[in-house]
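Trainee: Got a sequence here, can you model it:
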Amino acid sequence: MTRSVALLLVQLPLFACTEPVLSKTSPPDDPETTAGSIDRRPPAGRIVSGNDITELSREQNAKGREPDPPTRRGTASRITRKLAVKRTEDGFVAKLPNARTVPTPAYHEGRILTGGFGAYDMYAMNARTGSSEWGLRLSDDGPTDPACRDGICVFNTYSCTTFAVEAATGKPLWSWYLGSPQLATPVIDGNFVYTSYPGSNASSEARYVLGAFDLKTGKPSWRTWIDQEVNSTPVVHAGKVYVATKLGTLYELAAKDGRVLSAQRNRIASPPVLTMDGVFFGHEELPKENRMIQSSALLLPALETVAANPNEMVKPKPRPLVAQHRLITIDNGMVVATNRHSGRRLWQAQPSDDTPADISAPLIYAGNSILMATRSGNVVRLEQDTGEVSQTFHLGAGAIASQPIAVDGWIYAGTMSGSISTTSRSIFPRAGCGCNARPPPRRGAVN
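Mentor: Residues are numbered from 1 along each chain as shown. Here you go, the predicted structure:
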């Protein structure tokens, strides 16, 4: 059996930008999604997209079955070790000691915050010079990309803790030891932090938890069982939390108390991207059983496909990018642009000298430019109307490990060699409002 990839449009409420968190970049306002435009989305409750497991999820979260509150704390202590910074013609490369790969850095109040998998440290550096501002030694390794708001940055570690620190000083504010692994990025909305972690519900199909915590104090607010780790990050808007899990389930929860509003097991395979029309995401189609059954589809529609194993992880797909009326996707190394309203193909391109980086989100949109991270470690600018490469940014530090960000004309990227690489040679001034932000965060999810 083989699996193919499709882009699916599901009509759900819009994720709007709140205060920018500059861990991802976003396109400028689409005229069709700004104030005064017509909202064509039907109520989310009318849309059934996949196997509806809402009632099952509510039963898993019935009174008396709630996940236990966290009881353990992590620790973080100041370190004086400085980052090794190498100046380049257009920026700098900052090497993180002992780090193997570096997730997407976060920009906040003139600083870049980052850590690396394989290391126990989190660092803040001057966004223009790379000079060290502070460093923390954590009780657990593998920091994720941070989410920042109001001078506070929150991040998970692979094993097994959520930390909150002051962005300016690195002062630890609170932490919770939650479980391993924690691979998704937390999201901040208002006064709350939302993050996922493994629970101990061994008798149930729902073995992960989505939890809400007070941003300033870390006080637990609520906890809800979900079926697997979140793909990339939760997304929060208008009193609701949306998560796509690595089992291909899309959850819609009430932000104030974690109640399950809907749960669709629809093989969602990428972080979602939302517009006024709905949500776009990479989708793993059900396998065709054989040619005979395919040819019998009209006569025997019930036999056209076979059921997916509900415990089988979806194969991750690159996150689609919305650039005004364009939907940009990656298909077997080819960059494809379609009209997101009509589905009409606008162009397709395969850069002759490079291919898209094998990361969850190789595409960003900044300064009216489509930027793509490549396998060779560069970032290229693609013309919006043709897909042709018009400019290449050489970051000079090897393969890119995570989605780059673009801020005020600078590009920052985490690499597979344990460094942050930058360039200021950019065609877009003051780019990167961060409205995507994983989200991000809105991280990795909002356009």
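
Trainee: Going along the chain, name the strands of the stretch 201-350 of the chain.
Mentor: Ranges of strands in the stretch 201-350 of the chain, per DSSP state E, counting those that start in this stretch, are 208-214, 220-226, 235-237, 240-244, 249-254, 260-265, 273-275, 278-284, 321-323, 326-331, 334-339, 345-349.

Trainee: Just checking: what are the partner strands of the fourth one?
Mentor: Strand 240-244 has these partner strands in its sheet, going by DSSP bridges: strand 235-237 (antiparallel), strand 249-254 (antiparallel).

Trainee: list the contacts for Glu133?
Mentor: Residues near Glu133 by CB atoms under 8 Å, 6 or more residues apart in numbering: 111, 124-126, 170. Quick note: C-beta positions are derived from backbone N, CA and C, even for glycine.

Trainee: And Asn231, by the same measure?
Mentor: So Asn231 contacts 184, 243-246, 268-271, 316 (CB under 8 Å, 6+ apart).

Trainee: what sits opposite the closest residue to it other than its chain neighbours in the beta ladder?
Mentor: Distance criterion CB to CB, 6 or more residues apart in numbering; nearest residue to Asn231, sequence neighbours excluded, is Ala244 at 4.7 Å. Ala244 forms beta bridges with Leu250, as assigned by DSSP bridges.

Trainee: Wait, Ala244 touches Glu229, no?
Mentor: No: here Ala244 lies out of contact with Glu229, judged by CB atoms under 8 Å, at a distance of 10.4 Å.

Trainee: These two: which has the busier surroundings?
Mentor: Comparing Ala244 with Glu229 by other CB atoms under 10 Å, the one with more neighbours is Ala244, at 28 against 20.

Trainee: Please list all residues in contact with that one.
Mentor: Neighbouring residues of Ala244 by CB under 8 Å, 6+ apart: 230-232, 250-251, 268, 270-272, 281.

Trainee: tell me the SS of Ser360?
Mentor: Here Ser360 is recorded as coil under DSSP: H, G, I helix; E, B strand; the rest coil.

Trainee: What values do phi and psi take at it?
Mentor: The phi/psi pair for Ser360 (degrees, to the nearest 10) reads phi -70, psi -30.

Trainee: could the strands paired with strand 240-244 go into TSV alongside mean pLDDT?
Mentor: Listed next are the strands paired with strand 240-244 as TSV, based on pLDDT from 0 to 100:
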stretch	mean pLDDT
strand 235-237	83
strand 249-254	94
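
Trainee: I'd like to know which of the ones you listed lies nearest to Asn332.
Mentor: Ranking the strands paired with strand 240-244 by proximity to Asn332 (CB to CB) places strand 249-254 first, at 24.9 Å.

Trainee: if we look at the closest one, which residues are touching it?
Mentor: Strand 249-254 is contacted from outside by 10, 12, 44, 49-50, 53, 57, 210, 224, 226-228, 239-245, 259-266, 268, 272, using CB under 8 Å, 6+ apart.

Trainee: just checking, what's the longest helix in the chain?
Mentor: The longest helix of the chain (DSSP state H) is helix 54-60.

Trainee: Give the buried residues for it.
Mentor: Buried residues in helix 54-60, defined by neighbour count with 16 or more other CB atoms under 10 Å: 54, 56-57, 60.

Trainee: tell me which strands and helices it is in contact with?
Mentor: The contact analysis (3 or more CB pairs under 8 Å, 6 or more residues apart in numbering; DSSP states H and E) places helix 54-60 against strand 220-226, strand 260-265.

Trainee: mean confidence for that helix?
Mentor: Mean per-residue pLDDT for helix 54-60: 95.

Trainee: quick one: low-confidence ranges for the stretch 201-350 of the chain?
Mentor: By pLDDT under 70, the weakly predicted segments of the stretch 201-350 of the chain are 202-203, 274-277, 285-310.

Trainee: at 50 instead, please
Mentor: For the stretch 201-350 of the chain, the stretches with pLDDT under 50 are 288-306.

Trainee: From Ser180, how far off is Ser360?
Mentor: 20 Å (CB to CB, to the nearest Å).

Trainee: isn't Tyr158 right next to Ala184, touching?
Mentor: No: using CB under 8 Å, Tyr158 makes no contact with Ala184, being 11.0 Å away.

Trainee: For the two, work out which one has more neighbours and name it.
Mentor: More crowded of Tyr158 and Ala184, by other CB under 10 Å: Ala184, with 27 against 16.

Trainee: taking the mean pLDDT, what do you get for stretch 133-144?
Mentor: Stretch 133-144 shows a mean pLDDT of 96.

Trainee: got the buried residues for it?
Mentor: 133-136, 138-144.

Trainee: Could you do stretch 150-159 as well?
Mentor: 152-158.

Trainee: Mind listing residues that contact that stretch?
Mentor: If you take CB under 8 Å, 6+ apart as the criterion, stretch 150-159 is touched by 19, 74, 106, 108-109, 113, 115, 117, 122, 138, 140-148, 162-168, 173, 180-186, 188, 193, 195, 197, 215-216.

Trainee: Give me the neighbour count for Thr355.
Mentor: For Thr355, the tally of surrounding residues (other CB under 10 Å) stands at 18.

Trainee: picking that back up, output the helices and strands packed on helix 54-60 as a markdown table; include the columns distance to Pro320 and mean neighbour count.
Mentor: Below are the helices and strands packed on helix 54-60 laid out as a markdown table (distance: least, CB to CB, whole Å; neighbours: other CB atoms under 10 Å):
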| stretch | distance to Pro320 | mean neighbour count |
| --- | --- | --- |
| strand 220-226 | 23 | 20 |
| strand 260-265 | 18 | 21 |
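
Trainee: Tell me which of the ones you listed lies nearest to Gly418.
Mentor: Closest approach to Gly418 among the helices and strands packed on helix 54-60 (CB to CB): strand 220-226, 31.7 Å.

Trainee: Restricting to C-alpha, output the closest one in CSV.
Mentor: Coordinates of each C-alpha in strand 220-226 appear next as CSV, following Å, rounded to 0.1, in the frame of the first residue of the first chain:
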residue,chain,number,x,y,z
PRO,A,220,-1.8,25.2,36.8
SER,A,221,-5.2,26.1,35.4
TRP,A,222,-6.5,23.0,33.7
ARG,A,223,-5.4,19.8,32.0
THR,A,224,-7.1,17.8,29.2
TRP,A,225,-6.2,14.3,27.8
ILE,A,226,-5.3,14.2,24.1
